[in-house]
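this is a predicted model, with the sequence first.
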Number of protein chains: 2
Amino acid sequence: MEQPGEIKKVSMAVIKRLPKYYKCLGELLRKNVERVSSQELSKLLGFTASQIRQDLNNFGEFGQQGYGYNVSQLYNEVAKILGLTTSHKMVLIGAGNLGQALANYSGFATHGFNIIAIFDTNPSIVGRKIRDIPIYHVDDMEYFINSNDVDIAVLAVPGDVTEKIVEVLVNTDIRGIWNFTPTEINVSNKDITVENVHLIDSLLTLSYRINESWLRERLLKQEGKNTKFPHRKKMSFMVK
Amino acid sequence: MEQPGEIKKVSMAVIKRLPKYYKCLGELLRKNVERVSSQELSKLLGFTASQIRQDLNNFGEFGQQGYGYNVSQLYNEVAKILGLTTSHKMVLIGAGNLGQALANYSGFATHGFNIIAIFDTNPSIVGRKIRDIPIYHVDDMEYFINSNDVDIAVLAVPGDVTEKIVEVLVNTDIRGIWNFTPTEINVSNKDITVENVHLIDSLLTLSYRINESWLRERLLKQEGKNTKFPHRKKMSFMVK
């Protein structure tokens, strides 16, 4: 394989916007829209037109001045960039509550991501199937991944076994870990990409923001008290 | 109710770190650790000690110089800040594939978030139950939310009906929307907080990053070609 050389890394912010381009262009395609300008995309996506042109320029020259973008061409290009022109084999590790939910969800398959095996240690479910996907013992995971060209491991195990599972995964041919466990994963193997989905964190963030008005009142009360101790004011409160 | 006045908003970055403090302190508590310094927290969390002190100072004075933080006290304070000291009632809207998966997941309940009703339009499932949670028709949603003190609506409907559902939700007493649909939600009602979980976007981001080495090679080839047209180089490629 050729060495990739000195190519600038695309920023995470750009990468995070790519799925939004992909979905937006997919919708335009379904509406039979043939071409679209960066201004029109801007209205649909909420990013500025120059941001959109810059983002796409990271990957080549797609638009034409005065014409805009050919929707179907750009859609196909973004799909290629996102690695969606080939299907991906995934294994799901952990068939507990969340694992079963993920196994039962067919939405990933519509984008070409197929769970082909599930791994767990629970003897009461090993040997069974979820939606025709076989459940094997975790001991067979390494062999299975390497002999079946698996791209992605979907991790839905309890937090305390995450590390042990990751230790096995780094020795396989896996390319990516989609991490649903509460644990942050650090992978020494640089060929493996980790993407975290912390569902509970997201719910707690929502909870915080709902709770914020209560917090404001409490802070105001403390601030009221605190004016008696003006020397403490600076370090603890955030009143403007 | 008192007016909250001019209290500075806590930044989203701080808010996003709160669940990590909460989880880390919970683990320390389970290990019977009584006190912890910001330096020790720094090692466990990967944020700097001064960052941790700053973050927590947003909410009051918790630590004591030379002593550090009392783990159980700080845990309880962070739980309060996150709104976890009272339980939350949620409704799930959309009992399709993803909705069913979410309904079957009991992990939210362990943090005090309980799905008490599910809404859908499909006559073949309305009237049934998932894990003892009744499924009602969407037409009854508004009345149900307002008469049952529901805090959070978990949205798992198809993208094209999201807008219609949100139009109903903004007229209810709901406080937060946890959005699993592919659609970005804009809520005019400022008392409603939206938290987006774009699972497919996360998977596509992972896919992109796995695909990046292929992309690099392609860009290099284009770059090779492009040296024939040095005037085009600047606008389209990102070689250093």
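Structure received. Numbers count the residues shown, from 1 in each chain, chains lettered A, B, ... in the order given.

report the buried residues of stretch A:49-59.
In terms of neighbour count (16 or more other CB atoms under 10 Å in any protein chain shown), stretch A:49-59 has its buried residues at A:51, A:52, A:53, A:55, A:56, A:58, A:59. The way it works is simple: take the backbone N, C-alpha and C, and place the C-beta from them, glycine included.

tell me the secondary structure for the residue sitting nearest the centre point of chain A?
For chain A, the residue nearest the mean C-alpha position is residue A:195 (5.2 Å; CA atoms, centre = their mean). Three-state assignment for residue A:195 (DSSP: H, G, I helix; E, B strand; the rest coil): strand.

do you know the pLDDT at it?
Predicted confidence (pLDDT) for residue A:195: 92.

which residue packs closest to it, ignoring adjacent ones?
Leaving aside its chain neighbours, residue A:195 sits nearest to residue B:206 (3.9 Å; criterion: CB to CB, 6 or more residues apart in numbering or on different chains).

so where is chain A shaky, pLDDT-wise?
A:1-8, A:213-214, A:217-219, A:221-240 (pLDDT under 70).

what's the most distant pair in the buried residues of stretch A:49-59?
A:51 and A:59 (14.3 Å; CB to CB).

can you give me the end-to-end distance of stretch A:73-91?
End-to-end distance for stretch A:73-91, by CA to CA, to the nearest Å: 32 Å.

okay, buried residues for that stretch please.
For stretch A:73-91, burial by neighbour count (16+ other CB under 10 Å) applies to A:74-75, A:77-84, A:88-91.

again, but for stretch A:193-213
Neighbour counts using 16+ other CB under 10 Å place A:193-212 of stretch A:193-213 among the buried residues.

can you give me the domain assignment for chain A?
Domain segmentation of chain A under automatic domain parsing yields A:12-81, A:88-197, A:205-236.

run a quick neighbour tally on residue A:63.
By other CB atoms under 10 Å in any protein chain shown, the residues close to residue A:63 number 20.

again with residue A:64
The burial count for residue A:64: 10, using other CB under 10 Å.

quick one: the strands in chain A?
A:35-36, A:69-70, A:88-93, A:113-120, A:129-130, A:133-137, A:152-155, A:176-179, A:193-196 (DSSP state E).

tell me what the third one is packed against?
Going back to what we said before, that points to strand A:88-93. For strand A:88-93, the elements it packs on are helix A:97-104, strand A:113-120, helix A:141-147, strand A:152-155, judged by 3 or more CB pairs under 8 Å, 6 or more residues apart in numbering or on different chains; DSSP states H and E.

mean neighbour count, the ones you listed: which tops it?
Each of the helices and strands packed on strand A:88-93 was assessed for mean neighbour count using mean count of other CB atoms under 10 Å in any protein chain shown. The highest is strand A:152-155, with a mean of 26.

contacting residues for residue A:82?
A:18, A:19, A:22, B:204, B:207, B:208, B:211 (CB atoms under 8 Å, 6 or more residues apart in numbering or on different chains).

so who does the nearest residue to residue A:171 once chain neighbours are set aside touch?
Closest residue to residue A:171 apart from its sequence neighbours, by CB to CB, 6+ apart: residue A:142 at 6.6 Å. Residue A:142 sits next to A:168, A:171, A:172 when contact means CB under 8 Å, 6+ apart.

can you put these in CSV and add neighbour count?
Below are the contacts of residue A:142 laid out as CSV (neighbours: other CB atoms under 10 Å in any protein chain shown):
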residue, neighbour count
A:168, 17
A:171, 11
A:172, 18
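
just the ones of those residues in helices?
The members of these that map onto helices under DSSP state H are residue A:168.

going by distance to residue B:34, which of the contacts of residue A:142 wins?
The shortest approach to residue B:34 among those belongs to residue A:168, at 35.3 Å (CB to CB).

leaving out the residues flanking it, which one is nearest to the closest one?
Here the residue nearest residue A:168, using CB to CB, 6+ apart, is residue A:142, at 5.5 Å.

measure that neighbour to chain B for me?
Distance, residue A:142 to chain B, using CB to the nearest CB, to the nearest Å: 19 Å.

on that earlier part again, can you lay out the contacts of residue A:142 as CSV showing distance to residue B:153?
Below are the contacts of residue A:142 laid out as CSV (distance: CB to CB, whole Å):
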residue, distance to residue B:153
A:168, 39
A:171, 43
A:172, 40
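
out of the contacts of residue A:142, which comes closest to residue A:184?
Of all these, residue A:168 has the smallest distance to residue A:184: 17.9 Å, by CB to CB.

my read: that closest one touches residue A:139, true?
No - with contact defined as CB atoms under 8 Å, residue A:168 does not count as touching residue A:139 (9.4 Å).

ok, back up a step: quick one: the helices and strands packed on strand A:88-93 as TSV, columns for distance to residue B:44 too.
Shown next, in TSV, are the helices and strands packed on strand A:88-93 (distance: least, CB to CB, whole Å):
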stretch	distance to residue B:44
helix A:97-104	24
strand A:113-120	29
helix A:141-147	28
strand A:152-155	21
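
count the neighbours of the residue lying closest to residue A:126 once chain neighbours are set aside for me.
Among residues not flanking residue A:126 along the chain, residue A:137 sits closest, at 4.9 Å (CB to CB, 6+ apart). By other CB under 10 Å, 13 other residues sit near residue A:137.

OK, contacts around residue A:137?
A:119, A:120, A:121, A:126.

tell me the contacts of the residue nearest to the centre of chain A?
By CB under 8 Å, 6+ apart, the contact list for residue A:195 reads A:176, A:177, A:178, A:179, B:202, B:203, B:205, B:206, B:209.

tell me the one among the residues you listed nearest to residue B:27.
Distance to residue B:27, by CB to CB, is smallest for residue A:179 among these, at 17.5 Å.

the closest one contacts residue A:196, doesn't it?
Yes - under the contact definition of CB under 8 Å, residue A:179 touches residue A:196, with a separation of 4.8 Å.

which neighbours do the two share?
Listed as contacting both residue A:179 and residue A:196 by CB under 8 Å, 6+ apart are residue A:185.

dump the contacts of residue A:195 to JSON lines, plus distance to residue B:33.
Shown next, in JSON lines, are the contacts of residue A:195 (distance: CB to CB, whole Å):
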{"residue": "A:176", "distance to residue B:33": "35"}
{"residue": "A:177", "distance to residue B:33": "29"}
{"residue": "A:178", "distance to residue B:33": "32"}
{"residue": "A:179", "distance to residue B:33": "26"}
{"residue": "B:202", "distance to residue B:33": "33"}
{"residue": "B:203", "distance to residue B:33": "37"}
{"residue": "B:205", "distance to residue B:33": "36"}
{"residue": "B:206", "distance to residue B:33": "35"}
{"residue": "B:209", "distance to residue B:33": "36"}
